[in-house]
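Engineer: Okay, here's the prediction I keep looking at, along with the sequence it came from:
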Amino acid sequence: MSHPFRLPTAGALISSRVAHFAAGSRVYLQGEEPLKIYIVEQGLVTLTRCSSGGDRRVLAICASGSTLGFSSALILTAHPASADAVTETMIRVFDAHDVVHQCSVEPSFGSWISVMLARESANQLAYTASLALGARQRLMRLFAIVVASGCGSRADDGVLHVPTGLTHRDIAEAIWTTRETATRLLVRLAADGIVQFDRGLIIVSVTSPLHLLVASQNPV
């Protein structure tokens with residue numbers, strides 16, 4: 001169902017709809033024509049590029065407020081990466097043609113687009129900069145981003161459970177390491193009482209230092 005969306009910075013309206021994606025489901029595929037533009041309203045999405053040799057690398061992790069597909073739609077080029085929901089995710093979807101048209105007729109819309117593109121670039125640069133950290137720190141940061149998304153629920157004892165579509169391979173790709181290294185790191189984090197990872201479910205105790213990492217910085 002289509003709904004009018006009012007720009008935060010202007011009075012212009014544009015048609016949109018809200019789509020729900022289950023954890024692990026695909027939003028769009030690398031190489032596809034950018035027919036839609038997306039804004040993440042709740043949840044997490046990864047942008048992953050696959051090389052001709054089959055190697056996959058995560059280029060960015062997009063949380064609430066992130067935009068997807070703006071650049072491709074504006075310059076009329078195929079999506080350079082695939083977008084996949086990490087958690088249960090709610091995304092506002094726009095028709096790319098409508099957005100491009102509004103840019104030409106509504107000056108305030110162009111200003112809003114500029115802000116969205118700047119946010120998109122900043123998010124990707126922040127993720128790239130995080131790759132300079134050690135593998136354990138990169139993994140901690142990944143889990144901090146997931147916890148900060150607010151997609152989890154707490155049990156009566158205060159333990160946080162965050163269901164995701166992540167596998168050991170996905171985690172390895174997200175922190176740019178091997179699957180074996182990612183598995184060893186997960187075992188160590190569990191032994192240290194920081195976080196447990198069980199078939200996509202992230203479990204964080206009340207006393208875990210991961211909460212301090214979430215509170216002390218903006219992970220995205």
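Structural biologist: Great, that's in hand. Source: prediction; values computed, not measured. Numbers count the residues shown, from 1 in each chain.

Engineer: what's the following helix or strand after the helix ranked longest in the chain?
Structural biologist: In the chain, assigned by DSSP state H, the helix with the most residues is helix 107-130. In the C-terminal direction, the helix or strand that comes right after helix 107-130 (DSSP states H and E) is helix 135-148.

Engineer: Give me the buried positions along that following helix.
Structural biologist: The neighbour-count check on helix 135-148 (16 or more other Cβ atoms under 10 Å) flags 135-136, 138-148 as buried. Quick note: C-beta positions are derived from backbone N, CA and C, even for glycine.

Engineer: ok, so of these, who is nearest Ala191?
Structural biologist: Using Cβ to Cβ, the shortest approach to Ala191 within the buried residues of helix 135-148 belongs to Arg136, at 12.4 Å.

Engineer: isn't the closest one right up against Arg188?
Structural biologist: Yes: contact criterion Cβ atoms under 8 Å: Arg136 and Arg188 qualify, at 7.4 Å.

Engineer: related to what we said a few turns ago, what is the nearest of the buried residues of helix 135-148 to Ala19?
Structural biologist: Using Cβ to Cβ, Val146 comes nearest to Ala19 of the buried residues of helix 135-148, at 20.6 Å.

Engineer: What's the separation between that closest one and Val105?
Structural biologist: With distances taken as Cβ to Cβ, to the nearest Å, Val146 is found 40 Å from Val105.

Engineer: What helix or strand is Ile14 located in?
Structural biologist: Assigned by DSSP H and E, Ile14 falls in strand 13-21.

Engineer: Remind me what the next helix-or-strand element following that strand packs against, helices and strands.
Structural biologist: Note on strand 13-21: by DSSP H and E, the next helix or strand toward the C-terminus is strand 26-28. Using 3 or more Cβ pairs under 8 Å, 6 or more residues apart in numbering; DSSP states H and E, the elements in contact with strand 26-28 are strand 36-42, strand 82-85.

Engineer: if we go to 10 Å?
Structural biologist: Contact partners of strand 26-28 among helices and strands, from 3 or more Cβ pairs under 10 Å, 6 or more residues apart in numbering; DSSP states H and E: strand 36-42, strand 45-50, strand 82-85, strand 89-95.

Engineer: looking at those, which is closest to Tyr127?
Structural biologist: Among these, strand 45-50 sits nearest to Tyr127 (Cβ to Cβ), with 8.8 Å.

Engineer: so how far is the closest one off the chain centroid?
Structural biologist: Distance of strand 45-50 from its chain centroid, counting by Cα atoms, centre = their mean, to the nearest Å, is 9 Å.

Engineer: what pairs with the next helix or strand after that strand, and is each one parallel or antiparallel?
Structural biologist: Of the helices and strands lying after strand 45-50 in sequence (DSSP H and E), the nearest is strand 56-62. Its sheet considered, strand 56-62 pairs with strand 45-50 (antiparallel) by DSSP bridges.

Engineer: contact partners of the strand holding Ile14?
Structural biologist: 1-7, 27, 36-43, 45, 83-95, 98-99, 101-102, 106, 109, 112, 165 (Cβ atoms under 10 Å, 6 or more residues apart in numbering).

Engineer: buried residues in that strand?
Structural biologist: Applying 16+ other Cβ under 10 Å to strand 13-21 flags 14, 16, 21 as buried.
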